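J.: need a 3D model of the following:
(chains A and B)
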Amino acid sequence: NAGVTQTPKFRVLKTGQSMTLLCAQDMNHEYMYWYRQDPGMGLRLIHYSVGEGTTAKGEVPDGYNVSRLKKQNFLLGLESAAPSQTSVYFCASRARRTSSFNEQFFGPGTRLTVL
Amino acid sequence: EDQVTQSPEALRLQEGESSSLNCSYTVSGLRGLFWYRQDPGKGPEFLFTLYSAGEEKEKERLKATLTKKESFLHITAPKPEDSATYLCVLYLIQGAQKLVFGQGTRLTINP
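T.: Numbering: from 1, shown residues only, chains lettered A, B, ... in the order given. Reported below is the predicted structural model:
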């Protein structure tokens, strides 16, 4: 049981390049999330998904796209990277429960630098 | 505006020296509060969930408490392996996926 995994762990891009970050979870969780973490700031939600085939915008969605074609995978895409997207990206997942908000399980993060 | 403030930003203690971390908040409707631990270069790891004022949760040397305006994470007789950043996270009533993350308190325990 690997939990939440992310690939790649590190990446350096040039401005204008594109890339996709992959998140995979083996806990059969319905909900999946993408966050970014910047120095001096709390984690901020980029996009999330409440189930296979569904996605929704979070707090800071501009410049990013996502897809959830399979329940276990959640992809984050940068079509044209900008230096402002230099950050550490975390994926998280949680099980659905109607009576309360289950805790989220986080992946190890992807450190992205855009030059 | 919903806000969460953690203090202090950084705390350095000697092994065995107990202390508390604070998370204060101003929100329009709080459904729950989480505490996470984050080690350098890793993702946050879940510690506790608190749902109502007066509630307490314990795990090893950690105890989390909740009032109507703040939460405390008490660390009793800490060890060097307790060194980490501790994050306070609010779960708000409005918005199904609305979490507000604090900036964290970076805790260092010296042997």
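
J.: alpha carbons only for contacts and neighbour counts from here, please
T.: OK.

J.: can you list the residues of chain B near chain A?
T.: B:32, B:34, B:41-46, B:49, B:91, B:100-104 (Cα under 8 Å from any Cα of the partner chain).

J.: compare those and tell me which has the most neighbours.
T.: When neighbours are taken as other Cα atoms under 10 Å in any protein chain shown, the top entry among these is residue B:104 (29 neighbours).

J.: for the residue nearest to the spatial centre of chain A, which non-adjacent residue is spatially closest?
T.: A centroid search over chain A (Cα atoms, centre = their mean) returns residue A:34, at 2.5 Å, as the residue closest to the centre. Leaving aside its sequence neighbours, residue A:34 sits nearest to residue A:91 (Cα to Cα, 6 or more residues apart in numbering or on different chains; 4.6 Å).

J.: centre of the chain to the stretch of helix or strand the one you found belongs to, how far?
T.: Using DSSP states H and E, residue A:91 maps to strand A:87-94. Offset of strand A:87-94 from its chain centre (Cα atoms, centre = their mean, to the nearest Å): 5 Å.

J.: immediately after that strand, which helix or strand?
T.: Tracing the chain past strand A:87-94, the next element assigned as helix or strand by DSSP H and E is strand A:105-106.

J.: just checking, next helix/strand downstream of the lowest-mean-pLDDT helix or strand in chain B?
T.: Ranked by mean pLDDT, DSSP states H and E, the weakest helix or strand in chain B is strand B:99-101, scoring a mean of 89. Remark: after strand B:99-101, the chain's next helix or strand is strand B:105-110, criterion DSSP H and E.

J.: just the CA atoms of the strand or helix carrying residue A:45, as PDB, please.
T.: Element membership of residue A:45 [criterion: DSSP H and E] is strand A:44-49. Extracted C-alpha coordinates of strand A:44-49, given in PDB (Å, rounded to 0.1, in the frame of the first residue of the first chain):
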ATOM      1  CA  ARG A  44      -3.400  26.800  -1.500                       C
ATOM      2  CA  LEU A  45      -5.800  24.600  -3.500                       C
ATOM      3  CA  ILE A  46      -5.300  24.700  -7.300                       C
ATOM      4  CA  HIS A  47      -8.000  22.200  -8.500                       C
ATOM      5  CA  TYR A  48      -9.800  19.200  -7.000                       C
ATOM      6  CA  SER A  49     -11.900  16.300  -8.100                       C
END
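
J.: now for the helix or strand that that strand is followed by, which elements pack on it?
T.: Toward the C-terminus, strand A:44-49 is succeeded by strand A:56-57 as the next helix or strand (DSSP H and E). Using 3 or more Cα pairs under 8 Å, 6 or more residues apart in numbering or on different chains; DSSP states H and E, the elements in contact with strand A:56-57 are strand A:44-49.

J.: now residue A:40, nearest residue through space, not along the chain?
T.: residue B:103 (6.2 Å).

J.: what's the answer for residue A:6, then?
T.: Leaving aside its sequence neighbours, residue A:6 sits nearest to residue A:23 (Cα to Cα, 6+ apart; 4.6 Å).

J.: show the contacting residues for that neighbour.
T.: By Cα atoms under 8 Å, 6 or more residues apart in numbering or on different chains, the contact list for residue A:23 reads A:4-7, A:73-75, A:91, A:107.

J.: quick check, nearest of these to residue B:4?
T.: Comparing those against residue B:4 with Cα to Cα places residue A:91 closest, at 21.9 Å.
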